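> Would you be able to build a 3D model of this:
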Amino acid sequence: MSSAPSSVCSTPTPSDTELTTFPSTADPTHPQKRSWVWVYFSDIDEQYIQCQFVDRLGKTCNKCLKKDRTGSTKGMSQHLHLLHCIANPKSISSPLAKHNTMDQYVHNLNPKKMLSPSSLKTTLVYFICDADLPLSITKSPAFRALLELCNPQVTHILVRRASLAAHLTNIYFYHQEFIRNYLLSHEIDVSFTTDSWTSPNITAYLAVTAH
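Numbering: from 1, shown residues only. From the prediction side, this is the model:
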């Protein structure tokens with residue numbers, strides 16, 4: 001067995017405790033250094049490599065290993081794992097990936113919203129207000145056909161205009177109370193502007209806008 005230069009590694013003989021020999025079955029064919037372990041190793045000569053891992057105290061490992069003639073890096077990875085507790089980064093899943101997987105699992109456990117008269121009325125109220133539509137749209141056959149296309153069970157749920165108007169009033173008072181409590185708790189300065197007008201049926205209106 002050939003020995004490594006004494007100027008780099010001290011007397012690397014088979015009896016040396018700092019020398020680890022790994023089985024070989026073929027001649028070296030100049031393998032490309034694609035493995036992650038080469039970050040921690042450097043070539044000494046054609047037969048030996050040296051570990052360049054630096055510990056917390058700034059001490060370099062400098063342990064010499066004999067190259068595997070097949071180009072395998074298994075011995076190098078074993079050295080890093082057993083002596084320095086270093087593993088292949090690709091084999092370790094990140095906590096973030098596990099967290100996302102758990103979030104997806106919990107999300108799948110959450111039951112889907114069930115269609116009911118209450119949930120349908122609430123959704124319709126927000127839709128009508130957001131799109132600035134009249135309540136009479138609920139009487140439109142085309143609108144009902146659209147709802148039935150999205151969910152055929154809507155056919156068995158009747159939403160009358162009067163019922164929808166009452167539900168809209170309840171939602172309005174809910175949001176009104178929410179905004180009032182929010183402003184009081186945060187002590188925010190609010191400015192008001194007013195606007196008044198009269199409808200064609202001689203009904204007077206006064207609008208107050210908060211800024």
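
> low pLDDT regions in this protein?
1-32, 89-113 (pLDDT under 70).

> just the strands in it please.
19-20, 41-43, 48-51, 64-66, 192-198, 204-210 (DSSP state E).

> Nearest to residue 173, out of the ones you listed?
Among those, strand 204-210 comes nearest to residue 173, with 16.1 Å by CB to CB. For every residue, glycine as well, the C-beta is placed using N, CA and C.

> List the contacts of the closest one.
190, 191, 192, 193, 194, 195, 196, 197, 198, 199 (CB atoms under 8 Å, 6 or more residues apart in numbering).

> Which single one of these is nearest to residue 150?
residue 199 (35.6 Å).

> any idea how far that closest one lies from residue 205?
Distance, residue 199 to residue 205, by CB to CB, to the nearest Å: 7 Å.

> Would you mind finding the longest helix in this structure?
Secondary structure of the chain per DSSP state H: the longest helix is helix 161-186.

> What's opposite residue 205 in the beta bridge?
Counting by DSSP bridges, residue 205 is bridged to residue 197.

> Give me the neighbour count for it.
9 (other CB atoms under 10 Å).

> next one: residue 76
22.

> Surely it and residue 65 touch.
Yes. Assessed by CB atoms under 8 Å, residue 76 is found in contact with residue 65 at 6.5 Å.

> quick one: the longest helix of the chain to chain centroid distance?
35 Å (CA atoms, centre = their mean, to the nearest Å).

> what's that helix packed up against?
If you count contacts as 3 or more CB pairs under 8 Å, 6 or more residues apart in numbering; DSSP states H and E, helix 161-186 packs onto helix 117-131.

> Taking helix 117-131 as reference, get the angle to the longest helix of the chain.
Counting by axes from the mean of the first three to the mean of the last three CA atoms, to 10 degrees, helix 161-186 lies at 70 degrees to helix 117-131.

> on that earlier part again, can you say which of the strands of the chain is nearest to residue 129?
It's strand 204-210; of the strands of the chain, that one is closest to residue 129 (CB to CB) at 16.1 Å.

> which parts of the closest one are buried?
By 16 or more other CB atoms under 10 Å, strand 204-210 has no buried positions at all.

> domain assignment for this structure?
19-91, 117-210 (automatic domain parsing).

> Please identify the most buried of the ones you listed.
domain 19-91 (a mean of 14; mean count of other CB atoms under 10 Å).

> how distant is that one from the center of its chain?
35 Å.

> re the thing from before, which neighbours do residue 76 and residue 65 share?
41, 49.

> before we move on, back to that, how about CSV for the contacts of strand 204-210, with distance to residue 83 added?
Shown next, in CSV, are these (distance: CB to CB, whole Å):
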residue, distance to residue 83
190, 68
191, 71
192, 74
193, 75
194, 79
195, 79
196, 84
197, 85
198, 89
199, 87
